[in-house]
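Enquirer: Following is a predicted model, sequence given first.
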Amino acid sequence: MSMKHRNTTLLLGELRESLAMAFNAMLAHKLRSSLTVLGVLIGVFSIIVVMTAMRVLKSNIETEMSQLGSRTFAIQKWPAVQFSGPADREKYWRRKNISLAHGQRVQEKATLAESIGIEGNFWGGQIESRFEKTPPTVQLLGETPGSFPARNWTIADGRALSDSDVDNARDVCVLGSALAKTVFPFGSAVGERLKINGINYTVIGVLAPKGGSLNEQQDTFAIVPITTALNRFGRWWRSLTILVQARDAESYEDCVEQVRGILRVVRKVPPGVEDDFELFSNDSLIAQFNSFTIAIRVGVMVVSSIALLAAGIGIMNIMLVSVTERTREIGIRRAIGAKKRHIMTQFITEAVTLCQVGGAIGVLLGILGGNAVAFLLKVPPVVPFDWIVIGLVICSIVGIVFGTYPAYKAANLDPIESLRYE
């Protein structure tokens, strides 16, 4: 056996022995160990639960916004994500609605856009065919032909809306793939008739499913011409959304500024006054979410650091008490050949083990608590592996830092005096 292999075997044996002694010491003082573990648990739990919840919310926002196609931005009266107070909400409420005429002027004037859509989200209700009735949760969207490329919608069967459908406010509809399978389970939905809010419509197309998407609800909706929806469900009090897809990535920023300028003129916004509409894209929403949550993350880190510091001080005090209680044991170990480094390893291992047990329980509870948000939003759970590693590394550091002084004190006890200790 080589010297290197022999040293490795001895080191592993010492580590196993130290771990066994650490767990025995924890079991021998269950209440004391539990209180120590609790402090570490709270610190790690607070980090993991918030970071997991943030990941879930970010994943949900990315999923919702992934419905926009590439190079697409949207304009609407209200912000897509609101983190504001009552004063800002009142400001948004006072804004003029974005009307169909506003969207049509953008369609006429925006020369840098590849496609422009106008849409409104009208209601959630029941759709009925000769085969099935849906639950009262189906969304009805009013759209124009330009919404299809802007929303990244692909037709799997039939056709999309046409300009003549919008101009003539026809009673036609395009169905999401999941909705089409629900109401027409035995064949193609194209050409079939169904009732939306008690009124007959003809199905002219079915969308391709959003493969790999996280949101199972996104294919359960019906699309009708925007003019048809406005005539049926209210024109004057409703604010619409304008969807704009730039020609390419190079002209994206110019297209944004062109559309902003057109809308400011159409809505008579004076020079120097801020926009009375919101313009956003996938990237801007994610950036807005990150900037909002950074303060929360910093606050949680501060609170968690205080909790871990308190836990570390508790571990040091408990380890000092343990050194005093086990003075005779230390003396016996030194008498039979244990070196100072063996004693130090033993006590540092005990401190790290206490921290890791608390950290592991905190991680588990934090993941479960954070994913309660995923359950409420009905999105897949998230496991923040990077923060799990960070949390457990922090636990090890706390154990080493606050366990070193008690370990040093134990290692430097006089063996003769230790054997005499009662």
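Expert: Structure's in. What do you need? Numbering: from 1, shown residues only.

Enquirer: quick one: the strands in the stretch 251-400 of the chain?
Expert: 278-281 (DSSP state E, counting those that start in this stretch).

Enquirer: just for it, where's the confidence low?
Expert: By pLDDT under 70, the low-scoring segments of the stretch 251-400 of the chain are 282-289.

Enquirer: Show me what counts as buried in stretch 106-118.
Expert: 106-107, 109-110, 112-118 (16 or more other C-beta atoms under 10 Å). Glycine gets a C-beta too; all of them are placed from N, C-alpha and C.

Enquirer: now it: mean pLDDT?
Expert: If you average the pLDDT over stretch 106-118, you get 90.

Enquirer: Now the terminal residues of that stretch, how far apart.
Expert: End-to-end distance for stretch 106-118: 10 Å, by C-alpha to C-alpha, to the nearest Å.

Enquirer: So which residues of this structure form helices?
Expert: Assigned by DSSP state H, the helices in the chain fall at 3-28, 30-65, 86-94, 100-109, 147-150, 163-167, 177-183, 226-233, 252-266, 282-325, 327-335, 340-377, 385-411, 415-420.

Enquirer: could those helices be laid out in JSON lines, adding distance to Glu128?
Expert: As requested, the helices of the chain are exported to JSON lines (distance: least, C-beta to C-beta, whole Å):
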{"stretch": "helix 3-28", "distance to Glu128": "64"}
{"stretch": "helix 30-65", "distance to Glu128": "28"}
{"stretch": "helix 86-94", "distance to Glu128": "36"}
{"stretch": "helix 100-109", "distance to Glu128": "28"}
{"stretch": "helix 147-150", "distance to Glu128": "25"}
{"stretch": "helix 163-167", "distance to Glu128": "22"}
{"stretch": "helix 177-183", "distance to Glu128": "8"}
{"stretch": "helix 226-233", "distance to Glu128": "16"}
{"stretch": "helix 252-266", "distance to Glu128": "39"}
{"stretch": "helix 282-325", "distance to Glu128": "35"}
{"stretch": "helix 327-335", "distance to Glu128": "80"}
{"stretch": "helix 340-377", "distance to Glu128": "29"}
{"stretch": "helix 385-411", "distance to Glu128": "47"}
{"stretch": "helix 415-420", "distance to Glu128": "86"}
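
Enquirer: mind putting the buried residues of stretch 106-118 in CSV, distance to Val303 included?
Expert: Output for the buried residues of stretch 106-118, formatted as CSV (distance: C-beta to C-beta, whole Å):
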residue, distance to Val303
Val106, 47
Gln107, 51
Lys109, 52
Ala110, 48
Leu112, 48
Ala113, 47
Glu114, 48
Ser115, 48
Ile116, 47
Gly117, 45
Ile118, 47
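
Enquirer: Name all residues that make contact with the nearest residue to Gly142 once chain neighbours are set aside.
Expert: Among residues not flanking Gly142 along the chain, Ala229 sits closest, at 3.0 Å (C-beta to C-beta, 6 or more residues apart in numbering). For Ala229, the contact set (C-beta atoms under 8 Å, 6 or more residues apart in numbering) comprises 120, 122, 140-142.

Enquirer: Nearest to Lys409 among those residues?
Expert: Of all these, Leu141 has the smallest distance to Lys409: 71.2 Å, by C-beta to C-beta.

Enquirer: I'd guessed the closest one sits against Trp123; true?
Expert: No. Leu141 is not in contact with Trp123 according to C-beta atoms under 8 Å; the separation is 9.9 Å.

Enquirer: which of those two has more neighbours?
Expert: Leu141 (20 against 15; other C-beta atoms under 10 Å).

Enquirer: I'd like the distance between the more buried one and Ala53.
Expert: According to C-beta to C-beta, to the nearest Å, Leu141 stands 30 Å off from Ala53.

Enquirer: next one: Val183
Expert: Counting by C-beta to C-beta, the gap from Val183 to Ala53 is 36 Å.

Enquirer: dump the residue contacts of the closest residue to Met26 other than its chain neighbours.
Expert: In space, and not counting its chain neighbours, Met26 is closest to Ser33: 4.3 Å by C-beta to C-beta, 6+ apart. Contact analysis of Ser33 by C-beta under 8 Å, 6+ apart lists 25-27, 318, 354.

Enquirer: close enough to count as contact, Val138 and Asn197?
Expert: No. Using C-beta under 8 Å as the test, Val138 is too far from Asn197 to be in contact (10.3 Å).

Enquirer: These two - which one has more neighbours?
Expert: Val138 (22 against 14).

Enquirer: check contacts around the more buried one.
Expert: Counted by C-beta under 8 Å, 6+ apart, Val138 has contacts 124-127, 179, 220-222.

Enquirer: quick check, nearest of these to Arg170?
Expert: Ala222 (14.1 Å).

Enquirer: bridging residues for the closest one?
Expert: Beta-bridge partners for Ala222, by DSSP bridges, are Leu140, Leu175.

Enquirer: what's the single longest strand in this structure?
Expert: For the chain, the strand with the greatest residue count under DSSP state E is strand 113-125.

Enquirer: tell me how far that strand is from the chain's mean position?
Expert: 26 Å (C-alpha atoms, centre = their mean, to the nearest Å).

Enquirer: so what does that strand touch, helix or strand wise?
Expert: helix 100-109, strand 138-143, helix 147-150, helix 226-233, strand 241-246, helix 252-266 (3 or more C-beta pairs under 8 Å, 6 or more residues apart in numbering; DSSP states H and E).

Enquirer: Hey, what's the angle from that strand to strand 138-143? Just curious.
Expert: Per axes from the mean of the first three to the mean of the last three C-alpha atoms, to 10 degrees, the angle that strand 113-125 makes with strand 138-143 is 150 degrees.

Enquirer: tell me the angle of strand 113-125 relative to strand 241-246?
Expert: Using the same axes, to 10 degrees, strand 113-125 lies at 150 degrees relative to strand 241-246.

Enquirer: Please name the strands paired to strand 113-125 in the sheet, noting orientation.
Expert: Using DSSP bridges, the strands paired with strand 113-125 are strand 138-143 (antiparallel), strand 241-246 (antiparallel).

Enquirer: Of those strands, which stretch is the most buried?
Expert: Among the strands paired with strand 113-125, strand 241-246 has the highest mean neighbour count (mean count of other C-beta atoms under 10 Å), at a mean of 25.
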